[in-house]
Structures are given as C-alpha cells and as structure tokens.
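Trainee: have a look; sequence and predicted model below, questions after that.
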Amino acid sequence: MPSSVYSPLAARVREHQGPIYPLNVGDTWMEPFEGGRMEDLHTADLPGLHRYCETGGIPPLVDALVETLRGRTGASWERDQVLVTAGATSGLACTVSALVDPGEEVLILAPFWPLIRGIVQSQRGVPVEVPFYDRVHALEDAVAAVETRITDRSVALYVCTPSNPTGRVLPADWLEAFAALARRHDLWLLSDEVYADYVYGGSHVSLASFAPERTLTVHSFSKAYGMAGNRVGYLAGPAPVIAEAHKVSVHSAYHAPHAGQRAALRALESGGAWVANARELYRKAGEDAAAVLGLPAPEGSCFLFIDVGSLLDERGMLGFLEDCLEDGVVLSPGASSGSDYGNWVRLCYTAVPPEEAAVAIRHLARQLGRSA
C-alpha cells in the first residue's frame, strides 16, 4: 500500500512560494448551507451532542435515510438495511471486511477512487484492476471486460458512478448487465455512489435498483453537502451484510461523529437548495476546465482525468508534477487510480473557488501546450 495517494510532493507543496491550487484532493471550496454548519449546532437544542450515540446511527438520521433510499430506488428499504458510517471510506472498509476473506479477489473498474485498492489490501484481499472507464464504450465490451477477469476466487465487483476520477456516468442498461453478471457468478456488488447528486445531464440510477439482494451501496455527506470534515456517510444493502459491517464499524470507528450526524440530518431536511446550487456551479466549472484543456465535458462527479504521457521526459511523472507545482498547481498522479494509468493525472475542479480554478486550469493548459 502506498503511503501517499494524492500527492508525492507534499513536502515541496509546503515549501512553495506563491499561490497554491490544490486540485489533487476531491473536495469543495463551498461551506455547508447555513443551519448545517458546526457553529449552528448547540447543546441547548441537542442535549448529549458531545457524548456517545447509537453505533449504527442516531435514530432520526437512520429514519430519514430510509426514506431517502426509498425515493432514490423505489425499493422498500428498512432500518436494518442502513448503517451510518464514519464517512464513505469507513463504509467501504467495513463492507470489504465483512465480505472478503484473505486471498479472495475484488474486481475494481479502473481508473478508480484511489483508496479502494488499499482498502481491499488492508483486509488481505486481492484487488483485480479492470481497465475500463477510459476505453470501454459498448455494453457488450463492458460485460466482457469484467467477465474475462473473474476467477474462482472472485467475490465482489466495485463500480463507481458517477466516476471518480473520469467523470463518466454509466448508463442504466450497463448497470443492469452488471447485476445479471453478478448473479451468474455469485458476486457481491460494491456500488460507490458518493457523487449521485452531481450528474450534469440526465439522472443518476442506482445499481441497487437492479440487484438489491447483492448490492452494497455507499453514499457520502462529504461529497453531497460539502461536509468532508464531519466524516459521515452511510451504507445500504442486505440486512445480514449490514449487520456484519456494523460489527466492524463498532470495532474500528465505534460510530460516526455525533455532531456530524446531526449536521447530516439537517442536510437531508434543509440542504436541497444548496445541492442544486452546487450542482450548477460544479457543472460550469467542469465545462470551463474541459473546454480550456480540450477534453469532453464531465458527465458527473468533480474530476477530470488526463493522459499526459506524450509530455513526460526522462524525469517521468514526478518531473511533470514538479513542473506543474512551479505554477502552484497540485495534481494527483494517475498511478494512484490504477496500475495502467502511470501516464495520467487527476484534477478536481471544485477544490478551490471557480476564479482560482480558472487560473490553475490555464496554467495547466500551458504545461500541456494547449491554448489557454
């Protein structure tokens, strides 16, 4: 497992003189909506705010999540199918721990969210990378790409849509085909839908709609409502697996932060307008970045993934990242998102305010030799 996944230049970044544009980490420049920030929570209104709470999630939040899931998927979710976790990262880690024995394989569509590979490795599982988002463009090829890598040790398939890092949104018929494939080969489906609220054309479709009996879906208040520091996400799936994941959660994080859960509940109750505004601002920022860099506009999430292989010299990727840092632009190396992607870089166009992102993108365009 690598010790650094988002930037190999952390020390150099700290020493840099001048503006820094940290496009290497998926975050937002926006503060949460008024009423859902930490300063809006008061012990006079919320007794016990700084004490332990229910390990599976405070009851009003779990109830609200059940209703949210019913609205998203049309399925009849129940409370024992939902687990509030210490961020989506913990939710996925608890799921992998519950489902994967040492030596068993998890197929991962690549390029992928950088932490999922290490999560599988930390449970002594074997991550099997499936080069996918940058090269598969037909339903039959999508199924074949996965099926050719299935072995008798395969136990799960990880799917991320909208995609981190490519910005692709997988169509419903592809997800339905993955559900059928999972049934044929008796695989669990790990569905990373933390960017479900950020689709810029059409609408998000949940993989759980097609295979609820074998899908574990993870969501994040970090991404949906700009609450990354609160460390609250949630996991939804078959009750027996949720029960096992709950055990792992108790013995690792114990429970998601109590104050973060209270803010998450307020987000479900009053954060819809914030999400709608953020979606429009993110869409504009993504379209601007893509246009300047000569790339297709992202379909969702908040990332662009760029092949810079033709620009690398004898210094390799590290040299390219150092050149970008001279302008204050910090990017994530593509190798963190897959072994086949050592010549790629990932950038998050929502990590800094739009006017700063525009400057950083134009600096990068000059590095790429494209008109800015």
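Mentor: Arrived safely, thanks for sending. Numbering: from 1, shown residues only.
Trainee: pretty sure L41 contacts L265?
Mentor: No: assessed by Cβ atoms under 8 Å, L41 is found out of contact with L265, at 10.4 Å. Every C-beta, even on glycine, is put in place using the N, C-alpha and C of the backbone.
Trainee: more neighbours, the two?
Mentor: Using other Cβ atoms under 10 Å as the criterion, L41 and L265 rank with L265 on top: 22 against 17.
Trainee: and that one, helix, strand or coil?
Mentor: helix (DSSP: H, G, I helix; E, B strand; the rest coil).
Trainee: so who does the closest residue to A245 other than its chain neighbours touch?
Mentor: In space, and not counting its chain neighbours, A245 is closest to C94: 4.1 Å by Cβ to Cβ, 6 or more residues apart in numbering. Taking Cβ atoms under 8 Å, 6 or more residues apart in numbering, we find C94 in contact with 83, 85, 235, 245-246, 248-249, 252.
Trainee: recalculate using a threshold of 10 Å.
Mentor: 83, 85-86, 119, 123, 216, 218, 235, 241-242, 244-253 (Cβ atoms under 10 Å, 6 or more residues apart in numbering).
Trainee: equivalent analysis for D40, please.
Mentor: So D40 contacts 32-34, 262-263, 266 (Cβ under 10 Å, 6+ apart).
Trainee: which one among those gets closest to V330?
Mentor: Distance to V330 across those (Cβ to Cβ) is lowest for P32, with 24.0 Å.
Trainee: P59 versus F33, what's the distance?
Mentor: Using Cβ to Cβ, to the nearest Å, F33 is found at 23 Å from P59.
Trainee: more neighbours: which of these two?
Mentor: Using other Cβ under 10 Å as the criterion, F33 and P59 rank with F33 on top: 22 against 11.
Trainee: any idea which element the more buried one lies in?
Mentor: For F33, there is no enclosing helix or strand under DSSP states H and E.
Trainee: so what pLDDT did the closest residue to it other than its chain neighbours get?
Mentor: Counting by Cβ to Cβ, 6+ apart, W274 is the residue found nearest to F33 once chain neighbours are left out, at 3.8 Å. Looking at W274, its pLDDT is 98.
Trainee: contacting residues for the residue most central in space within the chain?
Mentor: By Cα atoms, centre = their mean, the mean C-alpha position of the chain lies nearest to V194, the distance being 5.1 Å. Applying Cβ under 10 Å, 6+ apart to V194 gives the contacts 26, 87-89, 91-92, 113, 160, 162, 164, 217-224, 233, 301.
Trainee: ok, back up a step: what about the residue nearest to F33, how many residues nearby?
Mentor: Neighbour tally, W274, other Cβ under 10 Å: 20.
Trainee: quick one: it and E34 touch, right?
Mentor: Yes: assessed by Cβ atoms under 10 Å, W274 is found in contact with E34 at 8.9 Å.
Trainee: which of the contacts of C94 fall in helices?
Mentor: Counted as lying in helices by DSSP state H, out of these, are 119, 241-242, 244-250.
Trainee: mind listing the helices for the stretch 151-300 of the chain?
Mentor: With helices called from DSSP state H, counting those that start in this stretch, the stretch 151-300 of the chain shows them at 172-185, 221-225, 239-250, 258-270, 272-293.
Trainee: just name the most buried of the ones you listed.
Mentor: The highest average neighbour count among those, using mean count of other Cβ atoms under 10 Å, belongs to helix 221-225 at a mean of 26.
Trainee: chain center to it: distance?
Mentor: Offset of helix 221-225 from its chain centre (Cα atoms, centre = their mean, to the nearest Å): 10 Å.
Trainee: then that helix to CSV, C-alphas only?
Mentor: Extracted C-alpha coordinates of helix 221-225, given in CSV (Å, rounded to 0.1, in the frame of the first residue of the first chain):
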residue,chain,number,x,y,z
PHE,A,221,-22.4,13.7,3.1
SER,A,222,-18.8,14.8,2.4
LYS,A,223,-19.5,15.0,-1.3
ALA,A,224,-23.2,15.6,-1.4
TYR,A,225,-23.3,18.5,1.1
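Trainee: same for it, what does it pack against?
Mentor: Counting contacts by 3 or more Cβ pairs under 10 Å, 6 or more residues apart in numbering; DSSP states H and E, helix 221-225 is packed against helix 87-99, strand 233-236, helix 258-270, helix 272-293.
Trainee: ok, the nearest residue to L331 once chain neighbours are set aside to L115 distance?
Mentor: Leaving aside its chain neighbours, L331 sits nearest to V345 (4.4 Å; criterion: Cβ to Cβ, 6+ apart). V345 is 17 Å from L115, where distance means Cβ to Cβ.
Trainee: so which of those two has more stuff around it?
Mentor: V345 (27 against 18).
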